[in-house]
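*Asks:* Dropping the sequence and predicted coords here.
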Amino acid sequence: MGSQPGPIERSSLFGGPSIQSSRQTSSLTAQSNRTIRVPSLFGGRRSNRASNSNSPVADEPGSSTALAGGHAQTVSSSGTPDFTPRPGSLFEVTFRGTNQVRIEGNGLGRSTIDSSTPVSQSSQSHGFCISTAPTSPSPAPRSSQQLASNSGSTAFPTNPTPTRQLRPIVKPKINLRPPKSFIDPNGDLCLEVGPSLKEFVVCSRAMTRSSSFWKTMLHGDFAEGKKAQSQDATSEWVVKLPEDNPTAMEIILNIVHCRFSSVSNPEGFVYTTHLYNLCVLTDKYDMTHILRPWAKGWSSSTHAQCDKIGSSLRSKFCHERLWISWELGDQPAFEDIAKAMFLHCSPTSGNHLRYIGALEPPGIFDKIEEARLIVIKAILEPLNEVIQEFIRGGKCKEMGGFGGECCIPLMLGTAIQSLNRLGLWPIPDPIMMKYSVSELAEKVQLIELGDPKAGHVHLCPIIRRRNLKAKFEAATASIPPLLTDAHRRHLDVQAKKSGFGPPENPQDVKP
């Protein structure tokens with residue numbers, strides 16, 4: 001017959017060890033076909049057929065199913081693979097020889113094709129399928145187009161889609177809730193504060209004594225009240241406050257439960273945002289009076305550190321400081337911050353008057369906007385009058401002086417040039433003004449009338465600049481009042497609670 005070659009190794013589909021094949025050289029000219037099918041790892045329908053038959057062969061029992069939409073790969077005796085779209089099998093390998101073949105071992109390990117073993121079987125555990133059928137001598141190789149027309153498919157899929165739906169990986173839930181804080185180890189009330197629902201165990205009686213708000217909420221006919229809670233002795237009294245800041249609430253609870261060692265010193269450093277959040281809660285729960293020992297020290301510390309940082313309203317935390325002053329009744333600080341916002345607010349970034357991240361004292365921003373519009377009109381009005389006078393051809397202030405005929409055109413031209421250079425030409429509508437009041441006041445001081453580099457001295461431009469400057473200063477100095485009577489009454493009431501003003505009862509004043 002001829003010499004027998006050594007084992008032929010073929011790589012596995014799934015990346016496992018190679019498949020070894022041992023057969024005689026004469027088996028390549030045999031009269032039977034043996035088809036090796038390697039179906040999908042995920043399963044699907046499988047059908048077998050010989051390479052020279054158009055009709056499918058019955059499925060072998062115990063064989064694994066193929067990837068949905070899989071196709072067969074046929075290897076001819078010449079060693080050239082042909083790709084045949086075939087539903088049911090991923091690919092098939094056909095050897096032409098005289099004997100049947102058998103695959104031994106698992107599909108992902110090493111397997112041997114033995115041409116002398118008259119057995120045909122399937123590897124049930126890993127899905128390898130072998131089928132044999134006697135055929136006539138090998139016909140001429142068919143083209144890929146012919147094979148595709150016989151199988152009913154047009155192309156070999158490069159990325160088949162499995163039919164079996166994979167189970168999603170379910171990750172275990174992790175409890176991210178902060179640990180429970182026992183403000184009162186013997187407390188009978190649990191407060192769940194903030195979006196993370198941080199738990200604080202407190203004494204309901206201490207909370208009731210701290211303000212009338214807590215008394216009404218805990219012992220009234222509300223959902224948070226004890227009457228609405230379960231009467232079961234084993235159940236816990238829980239009140240949820242998801243909108244409150246946990247850090248600020250902890251400071252309040254420490255003060256209410258006399259845990260002063262956990263509270264900063266009155267003259268100590270305190271962050272502006274912390275004091276703001278604290279004042280938000282004291283306003284909400286009517287607890288301004290509990291801050292009396294700390295109000296002045298914390299407020300002055302906040303204003304001192306913010307005045308040293310940044311140059312814009314946001315960098316100085318003006319919106320938060322305005323609310324702090326409003327809640328504590330610090331009227332001088334409230335007026336100073338309101339005036340600073342009036343002078344420096346503008347449509348530019350960082351200087352917007354309204355800020356969604358901070359509470360607004362009622363009506364104060366409306367008063368600031370109204371006052372800003374009045375002052376901007378007062379600044380632009382004399383400027384408009386001068387320009388209109390120049391356009392109509394006004395008279396020179398220095399009658400008979402040098403350059404009397406060309407004085408007005410010269411001043412008009414230099415004024416328009418300077419206004420254009422300063423971003424004020426054409427003169428804008430006061431409502432659409434993009435500069436703040438302070439920026440506008442600085443710019444109008446730089447307006448030129450006449451040629452300042454001229455060798456001669458002409459009094460008309462000097463007189464007109466002097467008059468304009470006086471009107472500009474008067475406009476910026478006459479700031480309308482920003483506080484209403486309602487604002488002042490509220491600040492007086494809060495000052496008595498926090499210690500910024502005299503106490504409500506004159507008898508409490510020490511001699």
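*Replies:* That came in fine, so what should we check first?
*Asks:* May I ask you to confirm that Glu199 belongs to a helix?
*Replies:* No: assessed with DSSP: H, G, I helix; E, B strand; the rest coil, Glu199 is strand; it does not lie in a helix.
*Asks:* doesn't Gly187 make contact with it?
*Replies:* No: checked against Cβ atoms under 8 Å, the pair Glu199 and Gly187 is beyond contact range at 10.7 Å. Bear in mind the C-beta positions are built from the backbone N, C-alpha and C, glycine included.
*Asks:* Low-confidence ranges, this structure, go.
*Replies:* Within the chain, the segments meeting pLDDT under 70 span 1-165, 171-177, 230-234, 397-405, 451-458, 503-511.
*Asks:* Which parts of it are helices?
*Replies:* Assigned by DSSP state H, the helices in the chain fall at 144-151, 204-210, 212-219, 246-256, 272-284, 295-307, 318-328, 331-344, 364-392, 407-421, 437-444, 459-477, 485-498.
*Asks:* quick one: which of those helices is nearest Ile183?
*Replies:* helix 246-256 (4.8 Å; Cβ to Cβ).
*Asks:* what does the closest one rub up against?
*Replies:* The contact list for helix 246-256, computed with Cβ atoms under 8 Å, 6 or more residues apart in numbering, reads 178, 181, 183, 191, 193-194, 196, 198, 200, 202, 206-207, 210, 241, 259-260, 262-263, 274, 277-278, 280-282, 285, 287, 290-291.
*Asks:* now those residues: which count as buried?
*Replies:* 181, 183, 191, 193-194, 198, 200, 202, 206-207, 210, 241, 263, 274, 277-278, 280-282, 285, 287, 290-291 (16 or more other Cβ atoms under 10 Å).
*Asks:* still on that earlier bit, now distance to Lys227 too, for the helices of the chain, in a markdown table please.
*Replies:* A markdown table is the format used below for the helices of the chain (distance: least, Cβ to Cβ, whole Å):
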| stretch | distance to Lys227 |
| --- | --- |
| helix 144-151 | 78 |
| helix 204-210 | 12 |
| helix 212-219 | 8 |
| helix 246-256 | 22 |
| helix 272-284 | 23 |
| helix 295-307 | 35 |
| helix 318-328 | 32 |
| helix 331-344 | 41 |
| helix 364-392 | 40 |
| helix 407-421 | 71 |
| helix 437-444 | 56 |
| helix 459-477 | 60 |
| helix 485-498 | 30 |
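*Asks:* is it true that Ala340 touches Arg321?
*Replies:* No: assessed by Cβ under 8 Å, Ala340 is found out of contact with Arg321, at 9.6 Å.
*Asks:* out of these two, which sits in the busier spot?
*Replies:* Between Ala340 and Arg321, counted using other Cβ atoms under 10 Å, Arg321 has the larger neighbour count: 25 against 17.
*Asks:* For Ile364, see how far away the closest residue to Gly499 other than its chain neighbours is.
*Replies:* With Cβ to Cβ, 6 or more residues apart in numbering as the criterion, Gly499 has its nearest non-adjacent residue at 4.5 Å, and that residue is Arg292. Noted for Arg292: a distance of 24 Å to Ile364, by Cβ to Cβ, to the nearest Å.
*Asks:* Please say which of these two ends up with more neighbours.
*Replies:* Between Arg292 and Ile364, counted using other Cβ under 10 Å, Ile364 has the larger neighbour count: 21 against 16.
*Asks:* How many neighbouring residues does Asp307 have?
*Replies:* Using other Cβ under 10 Å as the criterion, Asp307 is surrounded by 12 other residues.
*Asks:* gap between it and Ala340?
*Replies:* 10 Å.
*Asks:* Common neighbours of those two, please.
*Replies:* In contact with both Asp307 and Ala340: Lys316, using Cβ under 8 Å, 6+ apart.
*Asks:* Could you list which residues are in contact with Met411?
*Replies:* Phe390, Leu449, Gly450, Cys460, Pro461, Arg464 are the contacts of Met411 under Cβ under 8 Å, 6+ apart.
*Asks:* Mind putting those residues into CSV with neighbour count and distance to Gly357?
*Replies:* Listed next are those as CSV, based on neighbours: other Cβ atoms under 10 Å; distance: Cβ to Cβ, whole Å:
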residue, neighbour count, distance to Gly357
Phe390, 20, 47
Leu449, 21, 45
Gly450, 20, 49
Cys460, 23, 53
Pro461, 24, 49
Arg464, 21, 47
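*Asks:* ok, back up a step: minimum distance to Ile356: which of the helices of the chain has it?
*Replies:* Between Ile356 and the helices of the chain, the tightest spacing by Cβ to Cβ is seen for helix 318-328, at 9.5 Å.
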